[in-house]
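Participant: fold the following for me, if possible:
(2 chains)
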Amino acid sequence: MRITNNMLINTMMLNLSNNLNRTQKYQYQLATGKRIQLPSDDPIVASKALKLRTDVSEIQQYKRNTDDALSWMEVTESTMKQITEVMQRMREITNQAANGTNTGDDILKIQAEAEQLRHQLIDLANVTYAGRYVFSGYKTDKPLLDANGNFNIDILNSEQIKFEIGIGDDINVNVTGSDLFNNGTDALTGEKSGFVDVFDRVIAAMGSDNKDELSNLLGELDSQMNNLLRVRAGLGARMNRVELTANRLDDDYISFTSLMSKNEDVDMAEAIMNLQNEMNVYQASLATGARVIQPSLVDFLK
Amino acid sequence: MNNTTFMGMEIAMRGLYSSQRGMANVAHNVDNVNTPGYSRQVIRQEAARPLLVANSAGMLGMGSDVVGIDRIRDTFLDEKYWSEVQYLGEWEVKSTIIDEMQAIYNEPSENGYTKIISDFYSALQILSTDPSSHSIRAMVMEKGVAVAKYFNSVAKHFDHLQEDLNNMVNAKVSEINSLADQIRELNLQIYNYEVMGNKANDLRDRRTLLVDKLSKLINCSAYEVETGLRLPNGEMETRFVVTISGKALVDHEEVVHLKCESRKDKLNFEDINNLFEVSWEDGNKLHVKSGELKGYLDMRDGNDGLMGLNGEKSPDFKGIPYYQRKMNEFVQVFARTFNEGIIDADGDGVLDKISGHVDGYTLDGNQGIRFFTMLGSDGKPVSSSDFETFLLDYAAKKGIVDDPDTDYDERLLAGYGLLTARNFSISFDIESDPVNNIASSTQPDEAGNNENLKSLLGMRHNPYMFTEGMPEDFIKTLVSSMGVDGQQYMQAYKIQQGITSQLTNRRDAISGVSLNEEMTNLVKYQQIYGAAAKMIQTFSEVLDILVNRLGL
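Facilitator: Below you'll find the predicted structure:
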């Protein structure tokens, strides 16, 4: 084949441009740490990258949700712990009042304490978390009980606040006031709380010093206590589940971010080697190009 | 007949002339080494017409004669080049434009669609853990605005790109017309020279170069047709014809231009107004099969072969209208599902009615409104109630009535056809009062009820929302299929680059100027010039003997 000067030059230019294109690719990779710039560089990597981004962002969100769920539940749990303490004290003094060795003065003191405990119980039923009433079901903006121990709102056991802690995975974070304070049955506005009612009857029995009644009421206090323990156990089990999920989400987060990195981040060692390789080729082609295109017969004619 | 006294000198002088001509030709070639389209020329040298010598000594050589200058060219390679370079032009345009389109989506990145839609759903999730919070409600509104703005911005960028492409179409058409005019001029000049039997080498080079350029712009073929007449030197008279899809653009001295006219009816619903339709100036329809023009037209008009509004089929190619259509489809389904809860919830291929934003209750106990609406003609978001009127009007225009057997209102379903990525927006109500208008509850007056939000959140994971799957899948599919296309165009472009550069090389191998060769020729002609001069000197000495030394 006849080789002409322009062919040499064109070929050299084309090859240099190809070299530079490849060099630029590795330069981009090293400068950004990413394997691709546009989806067309590698559509599969791009498509995976989008999927993993969504996954990671969802995991982060579910993690936030589990944190929120846990703090809500912790408030509920610690409140119920206090209610348990109130209950225990109530049972103690009821027991004391039911025994025949008290003077009238003693009974009055016991009754005064019982009233304080009743007051405390109502306060605990209206406890808030970040301004929201935790036992009020969906009506988080309204207190559960009024000062008389009557329900301030309609409350149903079905008013379960659910947080999403995984795709299609909901956790019920609240304890409804009806479940805890009304023996597990739905209540309407104005209805007397079953829990407070027992307290009221205890206080009334103390007032009339009715020892038989007080003994009977001990049994009712126990059944309220059992109800309370049932609800606490249920919440504890749910908290347990949320904690497990939170741990799993932590693990998922690590494995998904590392997947994401594996998918789209550059293997630096490899990229540096590739770049070095390209640089060598580039220099070689510059060197040969410079040698080939310069001389012609013109240089040798005297 | 005897030798004449000066015959030897005459012969030697012809040698001088021939080698001079040769050197001039070398100079011409060397000067044009870098001239685009130039093909090297060689002189055609023959032994001059010999003299018949009477005393039967045979024919007496009379030296050399330059009878012509030829251009070294392989027209087969030219035609081959023309047939390949048109695809180079087409793929070059397509692979460049699709890169621009990919950049518009800005994926994968930390601020593309995936991020924006994730943020929106995250905000809803956060609200679901505290539905009574005023500040989170404001955040949900902001994230909703970001979603709408993202689609507006992508659509706007596509619109701009389409306008740019339209201008490019216009520019390319003018370029084609200008090339046609230049070819016509050259046709006339070449014809005028060659009618005398010469070859207009340099002019032919220029004309071939123009056809090279034209071929990159549009599919064309160029050839010489014999007219049936003969030139004075006995060769056939030819005319040069350039055709596009069989119709002559240039026929010797006649040119039919192409023209760009604004379309009265849009081709695609998604198009911007007043795109150019390219046709022949004489009103005939133009079939563009390849070349840069085809690249621009496909990118500008391609809607996957969908039937256009003006009755013409759109190019069977995924251009801007296709991606606009997909984006419109997304916002329609997304808004319809989010607002109305009309979605195929169980994947049986039939739409169902689940709890949408309108079915919920707001913080102040009112029935929910539409979260997403559209931008009105003044560019401001319209309210939910106005939007409902628009939806029903649109459906009425299409003649849609409600089918009482379904759980949802067919008119609303059809009405969402009026949403586009361009006019997608959150509703005026949400924007002006997000605290009271976001419907998170399924019952009035339940501040902590997040059940409606959970229904809305559930849609994100509904694989039947789009044929492509979940909302994220839709865009993922769109972006990655664009990526695959981009990769394909780039490959096609590189292949075409390889083919054309190989053809250019082959053309250069034949027509290109080689400096070594020219220098060799230069030395050759120089030596001959010297030798011929020496001959003259010798003859001169011989004559000197004859004239001066013979004592008379």
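Participant: pLDDT score for residue B:436?
Facilitator: We have a pLDDT of 90 for residue B:436.
Participant: is it in a helix, a strand, or coil?
Facilitator: Assigned state for residue B:436: helix (three-state reduction, DSSP: H, G, I helix; E, B strand; the rest coil).
Participant: in stretch A:187-196, what counts as buried?
Facilitator: A:187, A:191, A:193, A:194, A:195, A:196 (16 or more other C-beta atoms under 10 Å in any protein chain shown). Where C-beta positions appear, they are placed from N, C-alpha and C, glycine not excepted.
Participant: also stretch B:183-199?
Facilitator: Here stretch B:183-199 shows B:183, B:184, B:185, B:186, B:187, B:190, B:191, B:194, B:199 as buried, counting by 16+ other C-beta under 10 Å.
Participant: using CSV, write down the CA coordinates of stretch A:261-276.
Facilitator: The C-alpha trace of stretch A:261-276 is given here as CSV (Å, rounded to 0.1, in the frame of the first residue of the first chain):
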residue,chain,number,x,y,z
SER,A,261,-19.5,1.3,47.1
LYS,A,262,-18.6,-2.0,45.4
ASN,A,263,-21.0,-1.2,42.6
GLU,A,264,-20.1,2.3,41.7
ASP,A,265,-16.8,3.2,43.5
VAL,A,266,-13.5,2.9,41.7
ASP,A,267,-11.0,0.4,42.7
MET,A,268,-8.2,2.9,43.1
ALA,A,269,-5.3,0.5,42.7
GLU,A,270,-6.8,-0.8,39.5
ALA,A,271,-7.6,2.7,38.1
ILE,A,272,-4.1,4.0,38.9
MET,A,273,-2.6,1.0,37.1
ASN,A,274,-4.8,1.5,34.2
LEU,A,275,-4.0,5.2,34.1
GLN,A,276,-0.3,4.4,34.3
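Participant: got a list of what residue B:123 touches?
Facilitator: Under the criterion of C-beta atoms under 8 Å, 6 or more residues apart in numbering or on different chains, the neighbours of residue B:123 are B:136, B:139, B:140, B:142, B:143.
Participant: so can I have a markdown table of the buried residues of stretch A:187-196 showing pLDDT and distance to residue A:47?
Facilitator: What follows is the buried residues of stretch A:187-196, written out as a markdown table (pLDDT from 0 to 100; distance: C-beta to C-beta, whole Å):
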| residue | pLDDT | distance to residue A:47 |
| --- | --- | --- |
| A:187 | 92 | 53 |
| A:191 | 92 | 58 |
| A:193 | 92 | 57 |
| A:194 | 91 | 58 |
| A:195 | 92 | 57 |
| A:196 | 93 | 60 |
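Participant: now, which of the residues you listed lie within helices?
Facilitator: Among the buried residues of stretch A:187-196, DSSP state H puts A:194, A:195, A:196 in helices.
Participant: gap between the first one and chain B?
Facilitator: For residue A:194, the distance to chain B under the criterion C-beta to the nearest C-beta, to the nearest Å works out to 23 Å.
Participant: what do you get for residue A:258?
Facilitator: Taking C-beta to the nearest C-beta, one finds residue A:258 at 17 Å from chain B.
Participant: quick one: that residue from residue A:62, how far?
Facilitator: According to C-beta to C-beta, to the nearest Å, residue A:258 and residue A:62 sit 18 Å apart.
Participant: for those two, work out which one has more neighbours and name it.
Facilitator: More crowded of residue A:258 and residue A:62, by other C-beta atoms under 10 Å in any protein chain shown: residue A:62, with 24 against 11.
Participant: what is the nearest of the buried residues of stretch A:187-196 to residue B:492?
Facilitator: In terms of C-beta to C-beta, no member of the buried residues of stretch A:187-196 lies closer to residue B:492 than residue A:187, at 73.0 Å.
Participant: dump the residue contacts of the closest one.
Facilitator: A:151, A:154, A:155, A:177, A:178, A:181, A:193.
Participant: can you do 7 Å?
Facilitator: For residue A:187, the contact set (C-beta atoms under 7 Å, 6 or more residues apart in numbering or on different chains) comprises A:151, A:155, A:178.
Participant: which residue packs closest to the second one, ignoring adjacent ones?
Facilitator: Right, the one you point to is residue A:155. Distances taken as C-beta to C-beta, 6 or more residues apart in numbering or on different chains put residue A:178 closest to residue A:155, at 4.5 Å, once the chain neighbours are dropped.
Participant: over to residue B:41: give its phi and psi.
Facilitator: Main-chain torsions, residue B:41, degrees, to the nearest 10: phi -120, psi 150.
Participant: average pLDDT across whatever helix or strand residue A:178 lives in?
Facilitator: Using DSSP states H and E, residue A:178 sits in helix A:177-181. The pLDDT scores in helix A:177-181 average 93.
Participant: excluding covalently adjacent residues, which one is nearest to residue A:281?
Facilitator: Among residues not flanking residue A:281 along the chain, residue A:19 sits closest, at 5.8 Å (C-beta to C-beta, 6+ apart).
Participant: list of residues touching stretch B:208-216?
Facilitator: B:36-37, B:78, B:81-82, B:85-86, B:88-89, B:176, B:179, B:182-183, B:220, B:222, B:242, B:291-292.
Participant: likewise for stretch B:419-435?
Facilitator: If you take C-beta under 7 Å, 6+ apart as the criterion, stretch B:419-435 is touched by B:134, B:137-138, B:140-141, B:144-145, B:148, B:151-152, B:154-155, B:324, B:327-328, B:331-332, B:335, B:363, B:369-375, B:381-384, B:387, B:437-438.
Participant: show me what contacts residue 136?
Facilitator: By default, I'm working from chain A. Going by C-beta under 7 Å, 6+ apart, residue A:136 touches A:142, A:143, A:144, A:153, A:155, A:177.
Participant: let's do chain B instead
Facilitator: Shown in contact with residue B:136 (C-beta under 7 Å, 6+ apart): B:126, B:127, B:130.
Participant: so which strand or helix has it?
Facilitator: Secondary structure (DSSP H and E) places residue B:136 in helix B:134-194.
Participant: average pLDDT for that helix, rounded please.
Facilitator: The predicted model gives helix B:134-194 an average pLDDT of 95.
Participant: give me the distance between that helix and the centre of its chain.
Facilitator: Mean-position distance between helix B:134-194 and its chain equals 10 Å (C-alpha atoms, centre = their mean, to the nearest Å).
Participant: which parts of the stretch 201-350 of chain B sit against chain A?
Facilitator: Nowhere does the stretch 201-350 of chain B come near chain A, counting by C-beta under 7 Å from any C-beta of the partner chain.
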